[in-house]
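A.B. asks: Okay, predicted coordinates and the sequence, questions at the end:
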Amino acid sequence: MERKRVGNARTARQVVSLQNERVKEIRALDMRKVRRQTGLFVAEGASVLVTAREAGFVPQTLVFHPGRASGRIHKELVAWALEAGCDVLEVSEAVLGKLSSKDNPQSMLGVFSQRFVDLPRRSDLNDETVWLALEEVRDPGNLGTIIRTVDAVGAGGVILVGTCCDAYSREAVRATMGSIFNVAISKVDHDSFSHFVDSWPGSSVGLHLEGYEDFRNATYKMPALVVMGGEGPGLSQGLSARCSKLVKIPMSGALDSLNLSVATSLTLYQVRGPYLSLKSADRDS
């Protein structure tokens with residue numbers, strides 16, 4: 001079923017069939033090979049879509065359930081998508097359930113184009129710049145949480161080195177809480193990244209169990225490049241040897257390592273900390 005247009009005004013299309021081709025196409029974006037082929041991904045939730053709008057992203061398709069998406073923000077997002085010429089689908093409960101995540105399903109979602117950037121050039125760097133590189137990260141929840149932290153500390157972006165999980169998977173995107181739209185993401189192979197590290201003008205900081213400095217006491221020459229290894233194996237010997245500084249997070253308990261997202265957050269806040277300050281709203285609260 002499809003609504004008729006009134007004059008030149010765009011309206012949402014009503015979709016109630018699970019066999020609708022557009023519904024099938026959106027559902028297929030749960031598969032990495034389809035995301036790779038199409039260059040698209042799904043983001044769920046009104047607050048996340050507001051972040052996308054503020055970051056200059058426009059969805060290819062916006063999907064909403066009229067009964068659930070009835071608030072002012074929901075209506076504004078639908079109007080924004082229609083005005084931008086997006087394909088807007090007003091769907092049934094069954095269709096929304098098919099397209100939404102099973103855990104904490106949202107009232108609306110958008111289909112967006114992925115964005116990857118080139119490695120930063122020297123002209124892009126300044127004395128406060130911090131970039132993060134992740135080697136062979138495999139857990140999308142960790143990756144999404146890390147992207148959110150990169151956004152929080154105002155780092156330059158994330159470089160995915162080698163065979164990493166997909167930053168645009170549903171799980172990773174959900175864990176970013178919208179930061180996927182604010183953070184620059186680059187993908188490179190090991191050889192390209194090795195050359196990149198060798199020419200980095202400041203400190204290239206590897207977190208490593210054999211690190212010889214307490215990460216809290218180390219001196220970081222800006223701009224800084226923080227390099228983290230994947231879950232389990234940690235930073236490879238090849239990349240750790242290329243880092244200008246190896247640091248370690250001290251621990252007094254029985255464990256000798258932290259969850260990757262936690263370790264990355266601690267390190268990023270330590271390196272970027274001198275350049276961060278509370279916003280006026282934070283001070284006034």
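C.D. replies: Alright, I've got the coordinates.
A.B. asks: all strands for this structure, in order.
C.D. replies: Counting by DSSP state E, the chain has strands at residues 13-15, 40-44, 61-64, 87-91, 108-113, 130-135, 157-161, 184-188, 204-207, 213-214, 224-229, 245-248.
A.B. asks: Could I get those in TSV, plus columns for mean neighbour count and mean pLDDT?
C.D. replies: Just so you know, the C-beta spots here come from the backbone N, C-alpha and C atoms, and that holds for glycine as well. Below are those laid out as TSV (neighbours: other Cβ atoms under 10 Å; pLDDT from 0 to 100):
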stretch	mean neighbour count	mean pLDDT
strand 13-15	17	92
strand 40-44	22	97
strand 61-64	25	96
strand 87-91	23	95
strand 108-113	23	97
strand 130-135	26	98
strand 157-161	24	98
strand 184-188	18	98
strand 204-207	26	96
strand 213-214	12	95
strand 224-229	26	97
strand 245-248	20	96
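A.B. asks: okay if I get those as TSV plus distance to residue 276?
C.D. replies: Below are the strands of the chain laid out as TSV (distance: least, Cβ to Cβ, whole Å):
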stretch	distance to residue 276
strand 13-15	45
strand 40-44	27
strand 61-64	35
strand 87-91	39
strand 108-113	29
strand 130-135	11
strand 157-161	17
strand 184-188	19
strand 204-207	17
strand 213-214	20
strand 224-229	14
strand 245-248	19
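A.B. asks: Could I get the phi/psi values of residue 164?
C.D. replies: With angles defined as degrees, to the nearest 10, residue 164 sits at phi -110, psi 160.
A.B. asks: Residue 143 is in contact with that one, correct?
C.D. replies: Yes. Counting by Cβ atoms under 8 Å, residue 143 is a contact partner of residue 164 at 7.2 Å.
A.B. asks: of these two, who's got more company?
C.D. replies: The neighbour comparison of residue 164 against residue 143 (other Cβ atoms under 10 Å) goes to residue 143, with 28 against 19.
A.B. asks: Who are the contact partners of that one?
C.D. replies: Contact analysis of residue 143 by Cβ atoms under 8 Å, 6 or more residues apart in numbering lists 134, 137, 164-165, 167, 172, 175.
A.B. asks: And the strands of the chain: which comes nearest residue 80?
C.D. replies: Nearest to residue 80 among the strands of the chain is strand 61-64; the distance by Cβ to Cβ comes to 8.6 Å.
A.B. asks: what's that closest one packed up against?
C.D. replies: Contacts defined by 3 or more Cβ pairs under 8 Å, 6 or more residues apart in numbering; DSSP states H and E place strand 61-64 against helix 21-28, helix 72-83, strand 87-91, helix 93-99, strand 108-113.
A.B. asks: re earlier: among the contacts of residue 143, which one lies nearest to residue 45?
C.D. replies: With Cβ to Cβ as the yardstick, the closest approach to residue 45 among the contacts of residue 143 comes from residue 175, at 12.3 Å.
A.B. asks: Could I get the pLDDT score of that closest one?
C.D. replies: Looking at residue 175, its pLDDT is 97.
A.B. asks: For it, the count of nearby residues, please.
C.D. replies: With other Cβ under 10 Å as criterion, residue 175 counts 21.
A.B. asks: Can you tell me how far it is from residue 113?
C.D. replies: 20 Å (Cβ to Cβ, to the nearest Å).
A.B. asks: Residue 170 too?
C.D. replies: Counting by Cβ to Cβ, the separation of residue 170 from residue 113 is 16 Å.
A.B. asks: separation between residue 138 and residue 232?
C.D. replies: Separation of residue 138 from residue 232 (Cβ to Cβ): 8 Å.
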